[in-house]
Each structure stands twice: as C-alpha cells, then as structure tokens.
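Q: Quick check, what structure comes out for this input:
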Amino acid sequence: TLMRCIAGFETPDAGHVEIVGDLGVRDAIFYLPDAVTPYPELTVKRILSLFAAAFGAGAEAGAASRAQTALQLDPVAAKRAGALSKGYRRRLLLAIALLSHQPVLFLDEPFDGLDLHQVRTVAALLRTLPNGCATVSRCSPRVACWPWAAWMNCASALASRGAAWRRCFLPLPHRPWPDLLRKELAGLLSGRAFWVLLLVQALLTGLSYAQAVGLYAEASRTALQTPAMAVGMAPLEGVLVPTFGSLYLGLTLLYPFVAIRQVSRERGEGMLLLLLQTRVPLWAWLGAKLLALGLAALLVLAVPLSALAFWGAAGGHLAVGETASLILGSALYAFLITGIACLAAALMDSAAGAAIFTLSATLGAWALDFAAAGDRGWVHSLGGLSITAVLRRFESALVTLADPVGLVAAGLAAVAIAGLWLHPL
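A: Got it, this is the predicted structure:
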C-alpha cells in the first residue's frame, strides 16, 4: 500500500510525497507490483519489444535484446509467457522494469521465485544501474535470510558507472501503435470467446436465412395465385431483416463477453499498472483495443453479409439504400455495445459484474421498448429513444441524421467515461 501511494496509484489517508526536482511522479518513479501476470499469449521477445516501444527505449537499437540478455531470458525468448516458470516470469517483469524511462524503480518482492544464484545475478545487475535507481522490496522471510539482497539505495547505484546499458531515453521516436495493435489482436484471437461467437453466429445466421427464404418462397407462391398479396411483400422485411436479426442476438448476448475480456484482461493480470506508467497515453491503449474489437465486429458482420451474397447470387433483389441502412445500423449497434462493454469493464472489478452490467443495459432497452408499445404517455416517448427503436428505423430505411449521430455519440461517451475511470490518480 505504501508503494502504491508513493507511485500515485492510491490516495493516502494522511501525509504527502515530495519529488525532488522538476519531474512529476509518473516521470520519476516506476512501480513494479508483486502480483503481475505477463500476457500469456505473447512470446518473451514480443513482450519486451512492446514495452521497449512504449517506454521510448526503441530509440536505442537493441534495448529490448540487452534487457533480455541481462536477465538471462535468451533461452526462453521464443516461448510464450504463459508457459514460463515462476522464476522466468519474474525475470521478465524485471526486464520490463529495466526498460522504463523513470530514474527510480520501486520493485515489490523483486526476488520472489528466484533461486540463490539468480538473486545474486539480479542484485549485481541492479547495483550497476547508472540513473540513481532505488529498489525497494517488502520484508519477507526469504529476503531476511539474505540481507545483502534486500536493499540497494541510490548511493550504491551511483557509485558504479561502468558498463551499464540502461539510459534515459528521449521522447518516443517510434510509434508503438503496431506493437499495441498486434498485442490486442493476439489477445483477441487467443481467446475462446471470439471463436465461440463466430461459430454461434454462423449457426444462427444460417438457420435464420434458411427459414426466412423458405417462408418468403411460400408467400411468393401464394402471391402467384392471389396477386393482391404481393403488394405488401418485399425482400427487406421478408429476408434481410430476419437474417440480420441473428446478428442482433449475437451482438447483444455474446459479443459483450468478447469486448469485456479484451478490455478487462490487463486489470485482472495486473498489467494495467505497468501500461499506465509508460509513455503511451491511455487513449492510445484504448484506441488499440477499439481497433481490435472493430475488426472482431467486422468479422462477425461478415457472416450475415455472406448470406446476402447468397441471396443476390440466387437472383434475389437487394435495394442499395435499404441494404446500406441495415448494414449501417448493425455496425453502429456493434460500436455502441463496444462502448458499453468498455464502460462496464472499467467500472466493475470482475468480468462477471461487467457482463451483468452490459446485459442489463441491452436487455433493459428490450424491456423499455416492450413497455412503450402499450403506453401512449411519457413511457411511449421515452421508448422511441431506446436502442431497439432506433434499430427498427434502420431496418425500415427510415433513418434521420439524429439516429447515427446519437449511436456514435453514446458509444464515444461510454468509451470516454471508461478512460477517465481507468486513468490513474
């Protein structure tokens, strides 16, 4: 708790911390917490390259490689972090700390999981850091047995200037966007939730399309005998809207779990504290997540679009304006659900709580729409603003400018509130 207060991640009940010099706390101190799990789907080399770019260490060629060698991670460089032993995971986190641009390091239990030889190696390495590094470890029975490895202060770090590889780095010359996006895509594709969503969406779309085409064919045969019935028949209501109804179910009931996992995984693994201490602003981190989730939504949207391609190939009619309105409404609905899921993942401490929050928002729109159908007062007026009511206007191609603007604004507002909530003190 003391180190978190000093590093600015918790507000103390009393007292204050003074930073000598012109640096703020974010530029002066890097705090490495104890319980942190590196990204299990990424390799050691990829994780170090990501943080080298995020800290600005990419200005120095080979900074990530030197950190990897210094912590003796070369034998496992191509191995995924999820398959590492506890000692290797701890050394990986120490390598991330050595890539940081802050001159002071606060390391909570830096030798946890290391054997005696590794403790001596890491302790010797920390003593050679040239920037006035202070390493701090909480008291523990193991560290108490080895007092020479418990504390190193600024004086001992400054006393040794030879052959040190770590330096202060200039402002970020290398854009970390590609590394952040690759990390998010790797996390997305490595999770089961996304593949389950695609599989279920394919099954729902196939079933909905087959039933819609079958019913439309029967109605068409009846219209041949009774031409007056053909007046009210249109492919939009008969085939397209029922097919995209399966997408609505998938985005409402399954997609939120994908989005919540993508946003909340850093909080659960403890990596969020490390990311917030890099030179990469929070909006860039959230932006990379939104891009990855946007790609996921496009892949899900491609499933009903393939059904439309089958319909067109079979000779079915597709009006450009009506089809574009239907697709646009589905895409904007996916964006809104992404924003709500981001907000839920930021506000709630667990993924389960975030899922309940998101489903309450979407299912609440259903309840409001149902209540408004039998009311002519203020509930009816309020129901016209619900998500389902707006989507119906897209389905009927009776859209006004306020509808897409409202969905985009609501999604952006949810993402902005999530960013403010996640931002450190």
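Q: only C-alpha atoms for contact and neighbour calcs from this point on.
A: Will do.
Q: what residue ranges in the protein are flagged as low confidence?
A: The chain contains residues with pLDDT under 70 at 19-26, 57-61, 128-176, 223-233, 268-269, 372-385, 423-425.
Q: what residue lies at the spatial centre of it?
A: Centroid-nearest residue in the chain: residue 263, 3.1 Å away (criterion: CA atoms, centre = their mean).
Q: Please tell me how far that one sits from residue 365.
A: 23 Å (CA to CA, to the nearest Å).
Q: Residue 254 now?
A: Counting by CA to CA, the gap from residue 254 to residue 365 is 16 Å.
Q: Residue 243 now?
A: Counting by CA to CA - residue 243 and residue 365 are separated by 21 Å.
Q: Looking only at neighbour counts, state which of these two leads.
A: Between residue 243 and residue 365, residue 243 has the larger neighbour count (other CA atoms under 10 Å), namely 27 against 18.
Q: Please state the offset of stretch 281-294 from the chain centre?
A: In this view, stretch 281-294 has its centroid 7 Å away from the chain centroid, taken as CA atoms, centre = their mean, to the nearest Å.
Q: From the rest of the structure, what touches it?
A: By CA atoms under 8 Å, 6 or more residues apart in numbering, the residues outside stretch 281-294 that reach it are 177, 180-181, 184-185, 188, 259, 262-263, 276, 335, 338, 419, 423.
Q: at 6 Å what do you get?
A: Residues outside stretch 281-294 that contact it (CA atoms under 6 Å, 6 or more residues apart in numbering): 181, 185.
Q: in that stretch, what's buried?
A: For stretch 281-294, burial by neighbour count (16 or more other CA atoms under 10 Å) applies to 282, 285-290, 292-294.
Q: Dump those residues to TSV, plus secondary structure.
A: Formatted as TSV, the buried residues of stretch 281-294 follow (DSSP: H, G, I helix; E, B strand; the rest coil):
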residue	secondary structure
282	helix
285	helix
286	helix
287	helix
288	helix
289	helix
290	helix
292	helix
293	helix
294	helix
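Q: Show me which of those is closest to residue 330.
A: Top of the list for closeness to residue 330, among those and by CA to CA, is residue 294 at 12.4 Å.
Q: Please tell me how far that closest one sits from residue 308.
A: 21 Å.
Q: ok, now residue 93?
A: For residue 93, the distance to residue 308 - CA to CA - is 49 Å.
Q: Repeat that for residue 273.
A: Distance from residue 273 to residue 308, by CA to CA: 45 Å.
Q: So residue 105: helix, strand or coil?
A: Going by three-state DSSP: residue 105 is strand.
Q: Now for it, how many residues are close by?
A: Residue 105 has 23 neighbouring residues, counting by other CA under 10 Å.
Q: Quickly list what it is bridged to.
A: residue 30 (DSSP bridges).
Q: any idea whether the residue nearest to the centre of the chain is helix, strand or coil?
A: Looking at residue 263 with three-state DSSP, the answer is helix.
Q: For residue 112, which three-state class applies?
A: Per three-state DSSP, residue 112 ends up coil.
Q: which ones are touching residue 386?
A: Residues in contact with residue 386 (CA under 6 Å, 6+ apart) are residue 365.
Q: how about 8 Å then?
A: Contacts for residue 386 (CA under 8 Å, 6+ apart) come out as 365, 368-369.
Q: What separation is there between the nearest residue to residue 387 once chain neighbours are set aside and residue 334?
A: The shortest distance from residue 387 to any non-neighbouring residue, by CA to CA, 6 or more residues apart in numbering, is to residue 365 (6.0 Å). Separation of residue 365 from residue 334 (CA to CA) stands at 15 Å.
Q: do the same with residue 199
A: As judged by CA to CA, residue 199 and residue 334 stand 18 Å apart.
Q: For the two, indicate the residue with more neighbours.
A: Higher neighbour count among residue 199 and residue 334: residue 334, with 28 against 13, using other CA under 10 Å.
Q: can I assume that one is in contact with residue 249?
A: No. Counting by CA atoms under 8 Å, residue 334 stays clear of residue 249, with 11.1 Å between them.
Q: Find the helix or strand that residue 245 is a member of.
A: In the assignment (DSSP states H and E), residue 245 maps to helix 241-253.
Q: Residue 87 now?
A: Taking DSSP H and E as the definition, residue 87 sits inside helix 86-98.
Q: Would you mark the buried spots in that helix?
A: So helix 86-98, judged by 16+ other CA under 10 Å, has buried residues 88-98.
Q: then that helix to CSV, C-alphas only?
A: Only the C-alpha atoms of helix 86-98 are listed here, as CSV (Å, rounded to 0.1, in the frame of the first residue of the first chain):
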residue,chain,number,x,y,z
LYS,A,86,7.6,-18.5,-11.9
GLY,A,87,11.3,-17.5,-11.9
TYR,A,88,11.3,-16.7,-15.6
ARG,A,89,8.1,-14.7,-15.3
ARG,A,90,9.6,-12.7,-12.5
ARG,A,91,12.8,-12.1,-14.6
LEU,A,92,10.6,-11.0,-17.5
LEU,A,93,8.9,-8.4,-15.3
LEU,A,94,12.3,-7.2,-14.1
ALA,A,95,13.4,-6.8,-17.7
ILE,A,96,10.3,-4.7,-18.3
ALA,A,97,11.3,-2.5,-15.3
LEU,A,98,14.8,-2.0,-16.7
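Q: Which elements pack onto that helix?
A: strand 29-32, helix 44-55, helix 63-70 (3 or more CA pairs under 8 Å, 6 or more residues apart in numbering; DSSP states H and E).
Q: what's the distance between the longest one and the middle of its chain?
A: Using CA atoms, centre = their mean, we find the averaged C-alpha position of helix 44-55 to lie 17 Å away from the chain's own average C-alpha position.
Q: can you list contacts of it?
A: The contact list for helix 44-55, computed with CA under 8 Å, 6+ apart, reads 39, 58, 63-65, 68, 73, 76-81, 92, 95-96, 99-101, 172, 174-176, 179-180, 278-280.
Q: Buried only: go through these for me.
A: 39, 58, 63-65, 68, 73, 76-77, 79-81, 92, 95-96, 99-101, 172, 176, 179-180, 278-280.
Q: With that, I have no additional questions.
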